[in-house]
Every structure is written in structure tokens, then in C-alpha cells.
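A.B. asks: Structure of the sequence below:
(2 chains, ligands or ions: 2)
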Amino acid sequence: MTSTPAAAAAPGIQRDAIRSYPGFLWKALGVATNGTWLFYGWMTLLTAIALVGANAWAVQVRDGMIVTNMSDHVSWGLYIANFTFCVGLAAGGVMMVIPAYLYDDEEMHGLVIIGEAVAVAAIIMSTLSVVVDLGRPDRFWHLIPGIGKFNWPMSMLTWDIIVLNGYLVINLHIVGYLLYMKYLGRKPNPNWYVPFVFLSIIWAISIHTVTAFLYCGLGGRPFWNTSLLAPRFLASAFVSGPAFILLVLRVLRMTTGWQWSPRPAQTLIQIIRVAMSINLLMLASELFTLFYTGSGHAAAARYLFFGSHGANGLVAWIWTAIALNLIGTVLFFQPAALERSWLRIAACLCCIVGIWIEKGMGLVIPGFIPSTLHEVVEYAPSMTEWKITTGILAFGLLVLTLLVKLIAAVELKQISQPKGSGTTEAQA
Amino acid sequence: MNNLNSMPELPILNDQPTGRRSFLKACGATLGLAAWATALRPLTEWTEDLNVDEFLQKHYRELTADQKQAVFKRLEAETKENYGADVHITDSQPIPGVQFAYALNLSICIGCRKCAEACHIENNHDRTTNNSYIRVFEMQMGGIDFEKGNATYDHPVPQPGKFYMPVQCQQCENPPCVTACPIEATWQEDDGIVVVDYNWCIGCRYCEAACPYHARRFNWEKPEIPAEEINPQQGYLSNRIRPQGVMEKCTFCLHRTREGRMPACLEACPTGARVFGNVLDPDSEIRWVIENKRTFVLKEELGTKPRFYYFFDE
Ligand code: SF4
Ligand code: SF4
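C.D. replies: Ligands and ions are numbered 1, 2, ... in the order given. As a prediction, this is how the structure comes out:
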């Protein structure tokens, strides 16, 4: 009774797949709430940080954005900086996918889903970063096409909303589908996910390109108004994304019994080496153009790197970023980085923090300093902004932890569809 | 009932259905929920000030005449309640055949900031920040270089070797702020004035980043004005008191200019440096200035096509 030939009973199997779904969700909930004390500790810590952030945000909504240090001169700050970085992280998640599918690297296929999970968490973080930047979050519905008033295709922000949500849906679909099939013990049907995988590759490029257009399309802000911005965004995303995935893989290997060969990580490191070199090259070329011609366009760059008129709030940030990026790059080029060494972890951390500053504070703030009328008003994030931003990061990590834990549990067959249960019940 | 095999496993209670662990988890979950509720409590204090009508209000350009009247009534009542002032909210429409433009004679502007002050009062700006749509720059003779300018000067004017340059919204013919807005909360009216629907704006501040002239202002908190200082003649799209968390900007005082009056900044100027009017009217003073003076606009290379002209006397 239970061994109906799959081909003959496709509708039946589909029905089973739907019937088993609640069971899958139930067990997934089990995985999410069961673990070692280390897991509980980690989740409690993240929840606590997220709570502090949520509270700070609630106060900000009540009292107004005055609790941030933003002003009419520097009207975007840490939130949008973090948003930009997280979009890069999301786009970089796809760097697991490209070698796996374009070059058909079999072993990476199994790990692709980790990259997609990172992308999902990163998109959630970027969306939250925008929401907390809104002065009127209660009017969020004005942004919903159909109900609100969507200024598409003119406003780059509407493009960004479309591509970010699209990317989230695509990745959720791929992760969910692969995971559920594995849970059922069935081979995923390529028709159901391979087209989406290729779509996600193109889409990943689009999210970061559109996010760059958000800035470089503004003629009044010379610091952003450069055609090199989108390529630079992509290059740095293809460093921060893989570097972050490497960290996730390391944690996964240390906390679960899941094992794989060193090859996937080595592929990622090759990608990082190339992407980081291109990133640094483009940075150098941009700095040359700015400083050698010495035009008025250099005012923001001068402020960023050396300070101007006695204002030098970003100088320490940017040199830290450059130092970290250079150290990270040198470390990644060491042969030891190809082994499972601590050097690799250090390299990843350097590059992630370096790019977080460079693509975050180092990119957003100098767009406003000097202002469009050349006033120099400085900005440093307020306590509220730090709390909210850290809260968002904690929440993102929380989502990621749960996703990855679930993926590992399915992979290691800690949860799976009880053999034959679906059909037996149907007959009974 | 007792057939455990056909029942899904209860993961939360997996190992010991009545164990210490599940008890702790239940406590943890309850505590967690309570913590979230506490953390977000300030939101409920904030929503007390909001109402359903405001939440559901449509975009200005989609409101019918009746709906508009209802909105204005509600806003007037809210101003009474929150600020203790009786105000009248109007809705002046663009006049067909009128395109407004502004010109400013830099040779006679003395930097007294009377225009900025008049703007502050006329437009019901927040008193604590001393906000105004106009910033006056003290510039170095010998060029028009904002890098050598200073908008925060605090000394008697005019100073030797300096000239003064007030900057406000240029009412660009090709406004980057309007293109930027994701929800059409800001747009250009038929007479060229760029306006904001303060009840539609979500406060993303993308327009503020897009404006090349530092013309936009954000309401970082609820504006504070004593009842007796409130200007009761208010336009829905111009000088009514703005809510917290939305964008605002100069509207060429459309509640005055569309009714045939001059902008408040022009009336306040003691030297007569400001010229305002309808460029489509061949006999207007503004037309004469544009046709006969060597005028220039700010950042012409950006292609924004400002309707705000500067000129010098010979
Ligand atoms: S000056 Fe700025 S706010 Fe005014 S229309 Fe131009 S871009 Fe918009
Ligand atoms: S702040 Fe308001 S007016 Fe400006 S772009 Fe955002 S929604 Fe539009």
C-alpha cells in the first residue's frame, strides 16, 4: 500500500506533500526551540539586544527623529549606512550559487542553501533598517503598490523596494522548497527551483546595482554621483557576502555534525581574492580622479580622509576601514587562508568590518558633508541609533540562527518525514 | 487517542512531556512576550494622538471636494486641541496662465535676515529651532563661492568685503526632489510651485538628499508654537502646522501669492532686493528683470532649471 510507484501517482504524492506540511512546520518549531544551553544562551542574548533596539525605536517613533543625531544637513545616518551594507551582504549570499550552478560544482550544491539563508536574513535586516529610518512608519501602506501611490518607474526608491522584496521571495522559495524536499526524503524537482536559482543570480546583481543608483542618481551630491559606484558596490558585496558565509560555515561545522570537504570554502576564498582586488583597484582609481584633479568634487573626499575646516569626524572611521580591508586582503592571499585556520577567520572579520564602514558610514555620510551649499555640519550616531541598529543586527542573526539550525537538522536527518505515514493515514 | 504513532510529535515537549525543560520553556516564552510588549509600549502612547481618519486619509490629489472639507475641518479642530489656536485652512488653487518666478538683487541685499524671520512667522515654523526656509549666506567679494560662505554669521551687517546671498527653494522646473519621492508625496503644481502633502509623506527624506539647494526641512519633532503666535491664515499645502516626522519646504507662500498678494519674505525686505511675479505676464516686473538684467541661477549645470534668479546692479 505504501509503495505506490511515484510516476504513476504524482497527484497523490503532491497531496501527500501538502498533507505533510503542518507536520514539517511543527517539527521545525521543535528544532527552533530545542538545543544546547549554548544555543539557549545565544538566543536569549540576541533577543535581549533586539528588545533594547525595539524599545529605542518605539521611543523614537513617539518622540520624533530628534532622538537621532541626524539633521537637515546630514539627513541620513547610521540606519541607511547599515541598510547599504546589508543589501551587499544579501547580494553576496548568491556567491555560493554562482559556482555551484554555473560551474556545476556538485559539492557546493549542498551548501548553496546556506548562502540563500544568509541572503534572507540580510534582506530582513535591510528592510528593517529602512523602516526605522521613516519619520512616519504608520503610513507605510502608502508604499504598497495598488493601495498607496507608487512613484514607479521614476523614483529609484520604488525600484529598490521591488527588487528587495522580489529577492526575498525568490530566496525564501528556494530555501523552503529544497528544505522541504529533503525533509520528505525526495529528490527536488529541478523545474521547481533551478529557474529560480538563475533568476536569483541576476536578481542579486540587481539589488545592489539599484541600491547604488539610489545614490549615484543624485546630481546634487558629487560624492555619490559617480558611475563607478554600482561596480564598486558589487565588488565589495562579493567580498563581504562570501566572508560572512565562511564564518557561518565555520560555526556550523563546529556546532553540528555536518561535514564537508574544504573545497567549497576554497572556492569562496578565490572569489574573495579577485573581488577584493578589483574593489581596491576601483577605490584607488576613484581617489586618483578626485584628488589629482582637485576639483570642488573632492571636498567630500577631503573631509572623509583628512577632515576639513577642523571637522574630522570620519577620518578615524575611514582609515580604520582601509587598514582592515588591506589587512584582510593580505591575509586572504596567504596560503594558510585556504586551510581551515584561524587566519581565515581573522581575514573574514577584517573584511566584513572594513566593508561595513567603507560602504556604510564612509559612503553615506560624506554625501552630506559638506552640504549642498558647502556648509560643514558633522554627524555621529546617537545612542538611540546605535541601539536600534544593533537591535536589527541581533534580530537578523536570530533569524539566521534559526534558519541554519533548521537546515542542519534536515540535512543531518534529525527531522524527516516518518516513513509512509502520509499514505497510511490516507488509506485508513 | 492513544495511538501515538499517528500523532505528530510534540517537539516542545519532545523528551519529557512534563519535564522541567518544557516548564522552563513555557516560562521563557511568556516572559519573552511580556518583554516585547513592554519594549514597544511607547508606541501605544504615540498612537493615542493618531486617529483612524488620519490614518486612512487619501492622497491630496485624490480627495473629492467634500473629503477635502472634512479633512480641513478635522485639521482645524486638531490645531485647536493641540495648540489652542483658532485657525482657518484654505486650499488656494493655481491660477491658469500664471507661472511664478522670483528674482533677487544681490547688489542691494544687506544680509539683515528679515526675510528669513518673516518666513519663520508666516509659515508657523517651530519656535525652538528658529527654523526658516531661507538661509542667508555671507559671501566673500570676488566670486560666488559657497565654500567661502557662511550662513551662521552673527555680527552687524553689511560687513565690508562681503555680499549676502539668501537661498531658498528654487522651485525647479525639473525638480530632482519630486522624481526621488517614492510615493508622490511631493509634486509640482501647474503654476510651478513644488508642494508636499504633509499627510501623505512617510518621512524617508530621500527628497532632502536629492535637493541640490538645501531647500527641504524635516520635522524632527512636533513643532512648538505658542497659540498667540500662530498665523491663523493657513494653506493645506503650505503654511499649516506640520505634523511630526514629515518633510516641508518653501511654497512661495502659495496661500498668499495665489490670492494676489506677495510672499512674506518679499514684503519684509527693507531694501527691495526681491522681485516676484508671473513670468507669463509681459508687463510684470519679474519679466522685466529676467529680460534686462544679467541674471544667473544656482548650479545651472545640474539641469534643474530653477525659477529663482539672482542678479547684480551694474
Ligand atoms: S530647490 Fe530643492 S526642494 Fe526646491 S524644487 Fe528644487 S530640488 Fe525641489
Ligand atoms: S520625505 Fe516625504 S516627500 Fe520626501 S521623498 Fe520621502 S515621502 Fe517623499
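A.B. asks: Just give me the neighbour total for B:Asp86.
C.D. replies: By the criterion of other Cβ atoms under 10 Å in any protein chain shown, B:Asp86 has 11 neighbours. The way it works is simple: take the backbone N, C-alpha and C, and place the C-beta from them, glycine included.
A.B. asks: Give me the secondary structure label for the residue nearest to A:Met154 when sequence neighbours are not counted.
C.D. replies: Spatially, and ignoring its direct neighbours in sequence, A:Met154 is nearest to B:Thr179 (5.1 Å; Cβ to Cβ, 6 or more residues apart in numbering or on different chains). Three-state assignment for B:Thr179 (DSSP: H, G, I helix; E, B strand; the rest coil): helix.
A.B. asks: Not counting its neighbours along the chain, what's nearest the residue in the stretch 201-314 of chain B positioned nearest to ligand 1?
C.D. replies: Closest residue of the stretch 201-314 of chain B to ligand 1, Cβ to the nearest ligand atom: B:Cys211 (3.2 Å). Leaving aside its chain neighbours, B:Cys211 sits nearest to B:Cys177 (4.8 Å; criterion: Cβ to Cβ, 6+ apart).
A.B. asks: picking up where we left off before, state the distance from the residue of the stretch 201-314 of chain B closest to ligand 1 to A:Tyr79.
C.D. replies: The spacing between B:Cys211 and A:Tyr79, counted by Cβ to Cβ, to the nearest Å, is 20 Å.
A.B. asks: wait, the residue of the stretch 201-314 of chain B closest to ligand 1 sits on A:Gly219?
C.D. replies: No. Counting by Cβ atoms under 8 Å, B:Cys211 does not reach A:Gly219; the two are 10.6 Å apart.
A.B. asks: overlap in contacts of these two?
C.D. replies: B:Pro176 (Cβ atoms under 8 Å, 6 or more residues apart in numbering or on different chains).
A.B. asks: More neighbours: which of these two?
C.D. replies: When B:Cys211 and A:Gly219 are compared for neighbours, B:Cys211 comes out ahead with 27 against 16, by other Cβ under 10 Å.
A.B. asks: Point out where the stretch 1-150 of chain A drops to low pLDDT.
C.D. replies: In the predicted model of the stretch 1-150 of chain A, residues A:1-12 satisfy pLDDT under 70.
A.B. asks: What is the burial count for the residue in it that ligand 1 sits nearest to?
C.D. replies: For the stretch 1-150 of chain A, the nearest residue to ligand 1 under the criterion Cβ to the nearest ligand atom is A:Asp72, separated by 11.8 Å. Neighbour count of A:Asp72, defined by other Cβ under 10 Å: 20.
A.B. asks: Now do the same contact list for it.
C.D. replies: Contact partners of A:Asp72, counting by Cβ under 8 Å, 6+ apart, are B:208, B:214, B:216-218.
A.B. asks: near ligand 1 too, which of the residues you listed?
C.D. replies: Contacts with ligand 1 within the contacts of A:Asp72, as defined by Cβ under 6 Å from any ligand atom: B:Arg216.
A.B. asks: Mark which of the contacts of A:Asp72 are part of strands, please.
C.D. replies: Of the positions in the contacts of A:Asp72, B:216-218 sit in strands, assigned by DSSP state E.
A.B. asks: Chain neighbours aside, what residue packs nearest to residue 238?
C.D. replies: Went with chain A since none was named. A:Ala275 (3.8 Å).
A.B. asks: that's the wrong chain, I meant chain B
C.D. replies: Using Cβ to Cβ, 6+ apart and skipping residues adjacent in sequence, the residue nearest B:Ser238 is B:Thr251, 4.1 Å away.
A.B. asks: So A:Gly360 is in contact with A:Gly88, correct?
C.D. replies: No. The pair A:Gly360 / A:Gly88 is not scored as a contact, 9.4 Å apart, by Cβ under 8 Å.
A.B. asks: Looking at those two, which one has more neighbours?
C.D. replies: For A:Gly360 and A:Gly88, the more surrounded residue by other Cβ under 10 Å is A:Gly88, and the numbers stand at 30 against 24.
A.B. asks: what helix or strand does A:Thr211 sit in?
C.D. replies: helix A:190-216 (DSSP states H and E).
A.B. asks: What is that helix packed up against?
C.D. replies: Judged by 3 or more Cβ pairs under 8 Å, 6 or more residues apart in numbering or on different chains; DSSP states H and E, helix A:190-216 is in contact with helix A:78-92, helix A:97, helix A:106-131, helix A:156-184, helix A:229-255.
A.B. asks: Mind checking those for the one nearest to B:Gly143?
C.D. replies: With Cβ to Cβ, the closest approach to B:Gly143 among those belongs to helix A:229-255: 30.5 Å.
A.B. asks: so after that closest one, what's the next helix or strand?
C.D. replies: Following helix A:229-255 in sequence, per DSSP H and E, is helix A:263-293.
A.B. asks: From ligand 2, how far out is A:Gly294?
C.D. replies: Distance, A:Gly294 to ligand 2, by Cβ to the nearest ligand atom, to the nearest Å: 34 Å.
A.B. asks: can you count the residues close to B:Asn219?
C.D. replies: Burial of B:Asn219 is recorded as 26 neighbouring residues (other Cβ under 10 Å).
A.B. asks: Do I have it right that it meets A:Gly135?
C.D. replies: Yes. Contact criterion Cβ under 8 Å: B:Asn219 and A:Gly135 qualify, at 7.2 Å.
A.B. asks: which residues are in contact with both of those two?
C.D. replies: Common neighbours of B:Asn219 and A:Gly135 (criterion: Cβ under 8 Å, 6+ apart): A:64, B:203, B:244-247.
A.B. asks: can you pull the contacts of the closest residue to B:Arg287 other than its chain neighbours?
C.D. replies: Excluding its sequence neighbours, the residue lying closest to B:Arg287 (Cβ to Cβ, 6+ apart) is B:Val279, at 5.7 Å. By Cβ under 8 Å, 6+ apart, the contact set of B:Val279 is B:99-101, B:286-287, B:290, B:307.
A.B. asks: Can you tell me which of these lies closest to ligand 2?
C.D. replies: For the contacts of B:Val279, the nearest to ligand 2 is B:Arg307 (19.3 Å; Cβ to the nearest ligand atom).
A.B. asks: which ones are touching the closest one?
C.D. replies: Going by Cβ under 8 Å, 6+ apart, B:Arg307 touches B:99-102, B:170-173, B:192, B:279.
A.B. asks: and those, which are buried?
C.D. replies: Taking 16 or more other Cβ atoms under 10 Å in any protein chain shown as the criterion, what is buried in the contacts of B:Arg307 is B:99-102, B:170-172, B:192, B:279.
A.B. asks: tally of neighbours for the residue of the stretch 201-350 of chain A found nearest ligand 1?
C.D. replies: Proximity to ligand 1, evaluated over the stretch 201-350 of chain A using Cβ to the nearest ligand atom, is greatest for A:Gly220 at 7.5 Å. Each residue near A:Gly220 was counted by other Cβ under 10 Å, and the total is 20.
A.B. asks: Show me where chain B has its strands.
C.D. replies: Applying DSSP E to chain B gives strands spanning B:88-90, B:100-105, B:135-140, B:162-167, B:186-188, B:194-196, B:216-218, B:233-235, B:247-249, B:274-278, B:308-311.
A.B. asks: Contacts only, for A:Ala17.
C.D. replies: A:Ala17 makes contacts with A:180, A:184, as judged by Cβ under 8 Å, 6+ apart.
A.B. asks: now the angle between helix A:156-184 and whichever strand or helix holds it, please.
C.D. replies: Here A:Ala17 sits within helix A:10-19, counting by DSSP H and E. Put simply, helix A:10-19 runs at 110 degrees to helix A:156-184, going by axes from the mean of the first three to the mean of the last three Cα atoms, to 10 degrees.
A.B. asks: what residues are up against B:Asn124?
C.D. replies: Contacts for B:Asn124 (Cβ under 8 Å, 6+ apart) come out as B:223, B:225, B:230-231, B:234, B:239-241.
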